[in-house]
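Undergrad: Need a 3D model of the sequence below.
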Amino acid sequence: VQLQASGGGLVHPGGSLRLSCQASGFSLDYFAMSWFRQAPGREREGVSCISSSDGSITYADSVKGRFTISRNNAKNTVYLQMNSLKPEDTAVYYCATDRYYYCSGYYRSWGQGTQVTVSS
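TA: Predicted coordinates:
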């Protein structure tokens, strides 16, 4: 069971990035998926979650209207499209698999993280 996050990098304020989270060893079909982030010296923050059943989605207030989570079960991958990036979005971004098909807040596996740096 492995989650591989990718797509991070250095981007200017106002720019965009798309993060991917590829699962291997199990199918994402039956699990909600989440993105988290952690900036230096700060606690880990939930960014977004997408259920596997009805596609229900939640976002942190700080990213609403700028970030979009999506999933492609055929590719066993979850995405986070990040637009209008701000310096305060700088963090290591992690994906996580929920224990259930809905966004329960209980997780069964975590990816290794990908660094996103927003700077001019």
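
Undergrad: CA only for contacts and neighbour counts going forward, please
TA: Noted.

Undergrad: Leaving out the residues flanking it, which one is nearest to the most centrally placed residue in the chain?
TA: The C-alpha lying nearest the average C-alpha coordinate of the chain belongs to residue 35 (CA atoms, centre = their mean; 2.6 Å). Spatial nearest neighbour of residue 35, chain neighbours left out: residue 95 (4.5 Å); criterion: CA to CA, 6 or more residues apart in numbering.

Undergrad: Look up the pLDDT of that neighbour for me, please.
TA: At residue 95, the pLDDT value in this model is 97.

Undergrad: Any idea how many residues pack against it?
TA: 32 (other CA atoms under 10 Å).

Undergrad: quick one: it and residue 38 touch, right?
TA: No - taking contacts as CA atoms under 8 Å, residue 95 lies outside contact range of residue 38: 11.5 Å.

Undergrad: got the contact list for the residue nearest to the centre of the chain?
TA: 46-49, 80, 93-96 (CA atoms under 8 Å, 6 or more residues apart in numbering).
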